[in-house]
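> any chance you could fold what I've pasted below:
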Amino acid sequence: MARYIDTLKRVVEGDYTGATDQEKDQAVAEVKKVGSAAAAAVAIQPFPLIDVALVSPIQILMVQGIARVRGFKLDRRAVMEILSTFGASILAQNAILAAAKFVPFAGWLVSISMAYALTYALAEVADYYFRSGRGVSADELKQMFDRIYRQKRAEKEAQHKENATLKDKLKQLKDAFRSGLLTEEQYEKKKEDLLASF
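Numbers count the residues shown, from 1 in each chain. You can find the predicted model right below:
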């Protein structure tokens, strides 16, 4: 997880004034990938109501990073206002994530897909919003967010169905960590690698 956060912070603190469009696109692509994977990684935790506290800071940092790459500097409050414009209220989306965890096993996999898809959709819409100079209507942003979220969630859920062993692999990692076969650092790295491949 620390690796993801370090990447996001590096982008947020970076200077992109002299960067080419291609370099900016690469930085945004990295933020999308890292932010979405980080959200999926924290969605693994089993406690339904903790998601808001874990996923929201990742999403806020991700949107700040994309804004920074595209030439805007935003504080946390400005990001929250922008997210609500996208139709992606952080509290509402994380309430849905929490509710999914109450469904045994299937809910756990759904919450991982949802966390990934929500975060990815936020990144896509944020990038579009900032590339457009923040001159896009709220309705257009909401429609774009909904379309991307549904598409990405369907893709991830299809991958989960094909990869029925994901939960087993994660359980094996957790068991190895608890029994002392893996250090915390090794456990986190292996978990991140596994989730990045799903």
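> and the protein, what are its domains?
2-161, 163-198 (automatic domain parsing).
> tabulate those domains (CSV), appending mean neighbour count.
No exception for glycine: its C-beta is placed from N, CA and C like everyone else's. Formatted as CSV, the domains of the chain follow (neighbours: other CB atoms under 10 Å):
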stretch, mean neighbour count
domain 2-161, 18
domain 163-198, 14
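> hey, least reliable of those by pLDDT?
Averaging pLDDT over each of those singles out domain 163-198 as the lowest, with a mean of 75.
> distance from the chain centre to that domain, please.
Computed by CA atoms, centre = their mean, to the nearest Å, the separation of domain 163-198 from the middle of its chain amounts to 19 Å.
> Q159 and Y116, how far apart?
10 Å (CB to CB, to the nearest Å).
> cool, D146 as well?
The gap separating D146 from Y116 is 16 Å, by CB to CB.
> A78 now?
25 Å.
> now do the helices in this structure.
2-12, 21-42, 51-69, 76-85, 90-100, 106-131, 138-162, 166-178, 184-197 (DSSP state H).
> got the angle between the second one and helix 138-162?
Going back to what we said before, that points to helix 21-42. Helix 21-42 runs at 60 degrees relative to helix 138-162, counting by axes from the mean of the first three to the mean of the last three CA atoms, to 10 degrees.
> same deal with the last one?
Counting by the same axes, to 10 degrees, helix 184-197 lies at 110 degrees to helix 138-162.
> these two touch, right, A176 and Y187?
Yes. Here A176 reaches Y187: they are 7.3 Å apart, a contact under CB atoms under 8 Å.
> shared neighbours, those two?
Common neighbours of A176 and Y187 (criterion: CB atoms under 8 Å, 6 or more residues apart in numbering): none identified.
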